[in-house]
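K.L.:
Fold the following and give me the result.
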Amino acid sequence: MTELARIGISLESELLKEFDRLIAEEGYPTRSEAIKLLINSALVKKRWQKSNNQVAGAIIFIYNHHKRQLVNKMMDVQHDFNKLIISVQHIHLDHNNCMETVVVSGKVKDILSLVTSVKTIKGIKHSDLIMTTAG
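P.N.:
Numbering: from 1, shown residues only. Here you go, the predicted model:
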């Protein structure tokens, strides 16, 4: 049986209230379980970033498609990293904004290079990467 350690933390009261609402909404049984899962998620993500294992994931980008040359630059980057990309889904969110979901599989460092190459294009409003093991 794994030995448990007890810790204490200090949080601003408003942050704790918001966290308690999250716990209730997500259905966590206790604060401890919620914190444990959040810590584990952060550690797993850090391990992936430090490793060079094979992973799969999804990269999400939000951008204004009216921004000059942005779409062409994104397309160029996607062609440069075509060996990693399994599929791309393009969604029109409104008249100005689009979202692309890029499903990828490959080595961590290569996927992180792809993410950096796209998210640094002027006009990208938001990006996020979700990775999981490929096996």
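K.L.:
who's in contact with the least confident helix or strand in the chain by mean pLDDT?
P.N.:
In the chain, the helix or strand scored least confidently by mean pLDDT, DSSP states H and E is helix 31-50, which has a mean of 83. Helix 31-50 is contacted from outside by 19-20, 22-23, 26, 28, 55, 108, 112, 131, using Cβ atoms under 8 Å, 6 or more residues apart in numbering. The C-beta positions use only the backbone N, C-alpha and C, and glycine is treated the same way.
K.L.:
Could you tell me which of these are located in strands?
P.N.:
Per DSSP state E, strands hold the following members of the contacts of helix 31-50: 55, 131.
K.L.:
what are the bridge partners for the nearest residue to residue 111 once chain neighbours are set aside, then?
P.N.:
Closest residue to residue 111 apart from its sequence neighbours, by Cβ to Cβ, 6 or more residues apart in numbering: residue 104 at 5.3 Å. Beta-bridge partners of residue 104, counted by DSSP bridges, are residue 57, residue 85.
K.L.:
Residue 104: how many residues sit nearby?
P.N.:
Counted with other Cβ atoms under 10 Å, residues neighbouring residue 104 total 23.
K.L.:
who's in contact with it?
P.N.:
Counting by Cβ under 8 Å, 6+ apart, residue 104 makes contact with 56-59, 84-86, 111, 114.
K.L.:
Save those as CSV, and put in distance to residue 43 and neighbour count too.
P.N.:
Putting these into CSV (distance: Cβ to Cβ, whole Å; neighbours: other Cβ atoms under 10 Å) gives the following:
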residue, distance to residue 43, neighbour count
56, 19, 17
57, 17, 21
58, 21, 16
59, 21, 22
84, 24, 20
85, 28, 17
86, 26, 12
111, 19, 25
114, 23, 21
